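Visitor: output the structure for:
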Amino acid sequence: MHPFLSPTNIFAPVSTPAQSIFDLSRFVLMVTGAIFAVVFSLLTYAVTKFRKRVANDGREPAQVYGSTQVELAWTVIPILIVVVLFLAAARVIASIQNATRPSNALEVTVIGHQFWWEYRYPSRGVVTANELHIPVSDPAHPTPTFLTLLSADTDHSFWVPRLAGKTDLIPNHPNNMWVDPHETGLYLGQCAQYCGTQHAKMLLRVYVDSQEDFDRWIHEQSRPAHIGAAASEGQRIFERTACINCHTIAGTPANGAFGPNLTHLMSRQTIASGADKNTLGTLIAWIYNPDLIKPGCKMPSMGLSTVQAAAVAEYLLTLR
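Guide: Numbers count the residues shown, from 1 in each chain. A predicted model of the protein is given here:
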């Protein structure tokens with residue numbers, strides 16, 4: 001894959017906040033690069049000009065005393081450079097944090113858990129996990145997505161490099177951020193704040209859909225779970241164990257809120273916050289012993305046999 005096509009490449013922004021940060025970093029690089037060039041040139045000149053050795057005749061070399069002009073220059077110029085960089089950074093921060101929220105903006109509540117992500121769409125009545133879907137934003141008619149960031153336990157950090165800078169999720173301290181992606185596609189990110197054993201596998205997957213695809217996804221996610229008769233044995237096992245205390249499946253007795261909502265589990269491409277692909281084999285392994293896929297995760301092993309785990313996995317395959 002070409003480096004500029006990488007889903008985590010900070011040098012290929014596709015959203016206004018990420019573009020603003022990229023432009024600022026490029027400006028800072030040009031300023032610091034110019035400083036480096038001047039200093040290196042003067043150093044090279046001094047080394048070349050005064051490299052000749054002079055015989056030591058015991059006399060003290062000529063003494064050069066302070067120059068007001070030089071001292072003013074090396075004091076005022078750095079101050080001006082720092083002020084310019086400060087104002088440039090403050091302008092970008094203000095433009096991102098104080099952005100106007102249009103009436104057609106999508107509102108999503110992001111809740112960080114150890115070690116997975118919960119996404120709630122309050123105006124659409126949809127709750128999902130680990131894979132965030134948002135609509136593409138046409139620059140001519142912007143439809144940004146505003147994210148309210150909450151933490152259910154410890155510090156986390158939401159960072160999708162091509163969409164925006166990272167923003168922390170702090171317990172009892174709501175934060176906010178926004179994105180307006182201009183291109184559809186999958187954008188990857190990472191919890192960028194160490195939050196425990198499985199911090200490295202608390203991955204982010206953001207799907208930027210066309211407006212039509214996003215509306216279709218919302219419609220499907222707002223429906224109750226589709227449950228087939230063939231999965232009844234797995235469903236009975238699921239509902240007779242502690243699974244229903246942690247997970248929600250709309251239309252069933254399962255209404256737990258500690259773990260991810262499973263109502264439309266099979267609409268997701270991955271499980272365990274991106275740790276593995278969402279297939280029958282990985283589901284069986286995950287149910288039988290979660291530590292096989294994500295050591296140290298919060299989901300316990302329920303002590304099911306491989307046959308029982310397979311039955312539950314078959315039931316979960318119907319949740320689309």
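
Visitor: if we ignore the residues flanking it in sequence, what's nearest D138?
Guide: Leaving aside its sequence neighbours, D138 sits nearest to H182 (C-beta to C-beta, 6 or more residues apart in numbering; 7.8 Å). Any C-beta I mention is one placed from the backbone N, CA and C, and that applies to glycine too.

Visitor: swap that for T270, sorry
Guide: Spatial nearest neighbour of T270, excluding adjacent residues (C-beta to C-beta, 6+ apart): N278 at 5.5 Å.

Visitor: follow-up on the earlier one: do I have it right that the residue nearest to D138 meets A12?
Guide: No - H182 lies out of contact with A12 (C-beta atoms under 8 Å); the separation is 11.6 Å.

Visitor: could you check the pLDDT of the residue nearest to D138?
Guide: In this model, H182 is scored at 95, pLDDT.

Visitor: helices or strands up against the helix or strand that contains L80?
Guide: L80 is part of helix 68-97, with elements assigned from DSSP states H and E. Helices and strands touching helix 68-97, by 3 or more C-beta pairs under 8 Å, 6 or more residues apart in numbering; DSSP states H and E, are helix 16-49.

Visitor: by contact count, what packs against the helix it packs on?
Guide: Judged by 3+ C-beta pairs under 8 Å, 6+ apart, helix 16-49 is in contact with helix 68-97, strand 175-179.

Visitor: the helix or strand following the last one vs helix 16-49, what angle?
Guide: By that I understand strand 175-179. Next helix or strand after strand 175-179 toward the C-terminus (DSSP H and E): strand 185-191. In terms of direction (axes from the mean of the first three to the mean of the last three C-alpha atoms, to 10 degrees), strand 185-191 departs from helix 16-49 by 70 degrees.

Visitor: the next helix or strand after strand 185-191 pairs with which strands, parallel or anti?
Guide: Using DSSP H and E, the helix or strand that follows strand 185-191 towards the C-terminus is strand 203-209. Strands that pair with strand 203-209, judged by DSSP bridges, come out as strand 131-135 (parallel), strand 185-191 (antiparallel).

Visitor: who's in contact with the first one?
Guide: Yep, that's strand 131-135 we're talking about. 106, 108, 110, 117, 119, 143, 145, 179, 181, 204-211, 214, 217-218, 268-270 (C-beta atoms under 8 Å, 6 or more residues apart in numbering).

Visitor: how does the chain divide up, domain by domain?
Guide: The record's domain split for the chain, according to automatic domain parsing, is 106-221, 229-316.

Visitor: any weak-confidence spans in the stretch 51-200 of the chain?
Guide: 53-57 (pLDDT under 70).

Visitor: switch to 50 and redo it
Guide: The model of the stretch 51-200 of the chain has no residue with pLDDT under 50.

Visitor: how many residues are close by V83?
Guide: Counted with other C-beta atoms under 10 Å, residues neighbouring V83 total 10.

Visitor: same thing with H133?
Guide: H133 is flanked by 22 other residues according to other C-beta under 10 Å.

Visitor: what's across from it in the sheet?
Guide: The partner residues for H133, given DSSP bridges, come to Y207.

Visitor: same thing with L186?
Guide: Under the criterion used (DSSP bridges), L186 bridges to Y207.

Visitor: distance check, it against V136.
Guide: Distance, L186 to V136, by C-beta to C-beta, to the nearest Å: 12 Å.

Visitor: any common contacting residues for the two?
Guide: With C-beta under 8 Å, 6+ apart, L186 and V136 have common neighbours V208.

Visitor: ranges for the strands of the stretch 201-320 of the chain?
Guide: Taking DSSP state E, counting those that start in this stretch as the test, the strands found in the stretch 201-320 of the chain are 203-209, 270-271, 276-277.

Visitor: among those strands, which is nearest T8?
Guide: strand 203-209 (9.7 Å; C-beta to C-beta).

Visitor: pull the CA atoms of the closest one into PDB?
Guide: In PDB, the C-alpha atoms belonging to strand 203-209 read as follows (Å, rounded to 0.1, in the frame of the first residue of the first chain):
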ATOM      1  CA  LEU A 203      -8.500  -0.100  18.400                       C
ATOM      2  CA  LEU A 204     -10.600   2.400  16.600                       C
ATOM      3  CA  ARG A 205     -12.400   1.700  13.300                       C
ATOM      4  CA  VAL A 206     -14.300   4.600  11.700                       C
ATOM      5  CA  TYR A 207     -16.400   3.900   8.600                       C
ATOM      6  CA  VAL A 208     -17.200   7.100   6.600                       C
ATOM      7  CA  ASP A 209     -20.200   6.200   4.500                       C
END
